[in-house]
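Trainee: here you go, sequence then predicted model.
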Amino acid sequence: MFKRIAFVPAFILIWCQGYTQISVIPQPTEVTLQSKADSFSITPKTVLVINNSSLQPSVDFFNLYLQEVSGFTLKVSNRDTGDNSIFLTSQNNIHGESGSYTLDVTKKGVTITGKDGSGVFYGMQTLLQLLPVKKASVLNIPLVKVNDSPRYQYRGMMLDVSRHFFPVEFVKKFIDYLALHKINYFHWHLTEDQGWRIEIKKYPKLTQVGAYRDGTIIGHYPGTGNDGKRYGGYYTQKQVKDIVAYADKRYITVVPEIEMPGHSSAALAAYPYLGCTGGPYQVRQTWGVSKDVYCAGNDSVFVFLENVLDEVTALFPSKYIHIGGDESPKDRWKVCPKCQKRISNQNLKDEHELQSYFIQRIEKHLNSKGRTLIGWDEILEGGLAPNAVVMSWRGEKGGIEATKQKHPVIMTPSSHLYFDQFQGKRSDEPLAIGGYLTLEKVYSYNPTPSVLTTEEAKYIKGVQANLWTEYIKSPEHAEYMIMPRLSALSEVGWTEPQQKNWTDFKRRMEKQYQRYEALDVKYAQTVFNVKQTIFIETERTLATVTLETDSFEPMIYYTLDGSEPTKNSQRYTKPFTVNKSTTIKAANLKDGQPVGKTSEQQVIIN
Ligand code: TNX
């Protein structure tokens with residue numbers, strides 16, 4: 001972080017900047033601070049220079065950010081005007097994979113050299129993080145040299161827009177957040193039991209019928225009733241194209257997910273012939289898993305899905321197309337004459353092999369269009385489709401198995417990367433699906449399991465976090481769930497393990513919170529809450545109390561008499577013991593004021 005030292009020589013107050021450490025997230029491969037005192041000043045006179053119009057998206061993003069955080073923009077030129085410029089160029093001899101870059105800040109100017117367009121973009125993201133976070137017309141940045149390369153080529157984040165619908169404006173904001181974190185895949189979960197969200201011209205009822213439900217359960221599943229309110233929405237193909245182009249300018253590929261054979265109630269409600277029983281079906285109003293799925297014995301289901309996928313591939317240039325594949329019960333298939341006939345005609349062993357037949361048939365179609373199928377790890381059951389990519393969500397088991405079968409894998413285990421879980425103590429947090437996923441736990445994740453051989457490890461293509469939205473109804477709540485955990489994800493996907501360090505990450509996050517605030521992000525402040533860990537001895541005569549937060553160098557104060565902690569209370573420095581029953585109240589104070597929530601815990605001693 002930057003330190004400001006004030007001194008007063010002869011009547012004039014001069015602020016001199018002293019740089020000690022910088023705070024870039026994700027942590028780059030190599031950062032060298034060239035000077036503790038000198039800096040380069042970006043002013044409204046500084047010029048952005050690009051020698052190739054393909055780099056325009058990087059300067060456009062730079063100016064959008066600068067306008068938002070600092071209140072001005074820079075002129076863009078295609079000629080180097082000498083000093084006081086930020087020069088962006090791409091050269092494929094830069095060391096490392098796609099996305100690699102070098103950044104060089106001298107007293108005279110800045111040079112960003114990317115391996116490719118995305119490398120330039122990421123170099124520019126790093127430069128944005130060197131800016132002071134406040135409105136000013138002179139922005140001093142430290143003289144640094146950065147060499148940087150991503151660890152994985154797939155760094156993703158998923159948004160479920162089906163359980164709850166999010167407007168185009170928010171989807172774009174979400175994409176901006178990914179861009180700021182050097183994340184390059186936006187997995188867009190577009191179809192579900194509770195809503196079909198993408199216009200398909202050939203099947204208008206998918207959105208006329210499938211995009212709306214007549215109510216939603218109240219509270220946590222199974223709920224305390226139904227609100228009876230019609231709910232829904234969808235994206236037109238025009239909006240989809242606009243979002244794909246928006247993401248493309250941020251070097252983000254949008255991977256659409258069209259769920260099959262399960263999680264398809266909305267499509268069945270629109271076209272009941274797609275199910276085994278012929279319906280009627282309902283756009284689901286509760287969460288969980290439905291037994292009604294696409295019929296695997298009916299050829300017209302494949303005609304339908306292939307037509308849908310043809311419209312989808314026309315909208316999304318992504319090489320990857322996600323077809324879901326998760327949580328598809330076999331109940332209907334077991335008693336469906338058409339499904340049973342398919343099993344015998346195709347010499348399949350059981351319904352798992354029927355699912356594998358289903359996915360392989362879809363894969364053939366996608367492959368014929370030059371696309372690669374991604375599925376959740378259930379697609380392993382009954383045999384993996386020959387060219388499929390596996391997204392491992394039920395832990396790492398499926399992912400590990402897929403690497404042994406030489407299939408590419410994206411790790412997204414629910415244990416570490418499901419951002420729909422509570423990020424702090426349940427009573428302090430908004431309703432969530434369950435679980436407990438702190439910033440530290442996300443940060444600790446290593447997508448390449450240590451049990452893999454070097455050869456197997458090559459199949460781990462990357463990592464993704466998911467935001468399922470059963471309990472997330474508003475953009476503000478979605479922001480709260482992803483921020484700050486997205487910052488931890490970015491470092492998990494980008495930074496080599498030997499460069500990662502939890503304490504230093506917490507230090508760098510202090511600056512990141514300021515950036516969030518400058519961008520008006522409604523981030524969760526749970527990291528500032530004091531967590532109490534109490535260890536009670538077997539005889540219950542003594543308890544050891546540890547107080548900590550997920551923030552850097554907290555100032556924790558506590559009381560044992562039930563009163564609110566203030567700066568005059570006991571300052572916590574190390575674990576302490578109590579030998580009688582008491583209530584421990586602890587708070588994290590910044591400039592004497594509490595940050596985060598005060599925590600309270602009762603200890604019973606015999
Ligand atoms: C499982 S993850 C699901 C989703 C739910 C999620 C809730 C996956 C492939 N399926 O349908 O929303 O759990 O955490």
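Mentor: Thanks, I have it.
Trainee: what residues are up against the residue in the stretch 51-200 of the chain positioned nearest to the ligand?
Mentor: Closest residue of the stretch 51-200 of the chain to the ligand, Cβ to the nearest ligand atom: D160 (6.3 Å). Backbone N, C-alpha and C define where each C-beta goes, glycine included. Counting by Cβ atoms under 8 Å, 6 or more residues apart in numbering, D160 touches 189, 192, 466-469.
Trainee: so it versus I482, what's the distance?
Mentor: Using Cβ to Cβ, to the nearest Å, D160 is found at 12 Å from I482.
Trainee: again, but for I343
Mentor: 42 Å.
Trainee: return the residues of the stretch 251-400 of the chain in contact with the ligand.
Mentor: With Cβ under 6 Å from any ligand atom as the criterion, the stretch 251-400 of the chain meets the ligand at residues 326-327, 376, 393.
Trainee: give me the pLDDT for the closest residue to the ligand within the stretch 201-350 of the chain.
Mentor: In the stretch 201-350 of the chain, the residue that lies nearest the ligand is D326 (3.5 Å; Cβ to the nearest ligand atom). We note a pLDDT of 97 for D326 in this prediction.
Trainee: confirm that W188 sits in a strand.
Mentor: Yes. Under DSSP: H, G, I helix; E, B strand; the rest coil, W188 falls within a strand.
Trainee: can you count the residues close to it?
Mentor: 27 (other Cβ atoms under 10 Å).
Trainee: could you give the bridge partners of it?
Mentor: L159, P256 (DSSP bridges).
Trainee: ok, F62 to Q129 distance?
Mentor: 12 Å.
Trainee: just name whatever secondary elements the lengthiest strand in the chain is in contact with.
Mentor: The strand that spans the most residues within the chain, counting by DSSP state E, is strand 593-603. Under the contact definition 3 or more Cβ pairs under 8 Å, 6 or more residues apart in numbering; DSSP states H and E, strand 593-603 sits against strand 531-536, strand 582-590.
Trainee: for the ligand, find the nearest of these.
Mentor: When the helices and strands packed on strand 593-603 are compared by Cβ to the nearest ligand atom, strand 531-536 sits nearest the ligand, at 23.3 Å.
Trainee: give the buried residues for whichever helix or strand comes after the closest one.
Mentor: The C-terminal neighbour of strand 531-536 among helices and strands, as given by DSSP states H and E, is strand 543-548. Across strand 543-548, burial judged by 16 or more other Cβ atoms under 10 Å covers 543, 545, 547-548.
Trainee: quick one: name the residues of this structure near the ligand.
Mentor: Going by Cβ under 6 Å from any ligand atom, the residues of the chain near the ligand are 326-327, 376, 393, 418, 420, 433, 468, 470.
Trainee: change it to 8 Å
Mentor: Proximity of the chain to the ligand (Cβ under 8 Å from any ligand atom) is limited to residues 160, 163, 192, 263, 287, 289, 324, 326-327, 376, 378, 391, 393-394, 414, 418, 420-421, 433-434, 466, 468-470.
Trainee: can you pick the most crowded of the contacts of D160?
Mentor: Result: E192 is most packed of those (other Cβ under 10 Å), 29 neighbours.
Trainee: give me the element the residue nearest the centre of the chain is part of.
Mentor: In the chain, the residue lying closest to the centroid (Cα atoms, centre = their mean) is M157, at 3.7 Å. Taking DSSP H and E as the definition, M157 sits inside strand 154-160.
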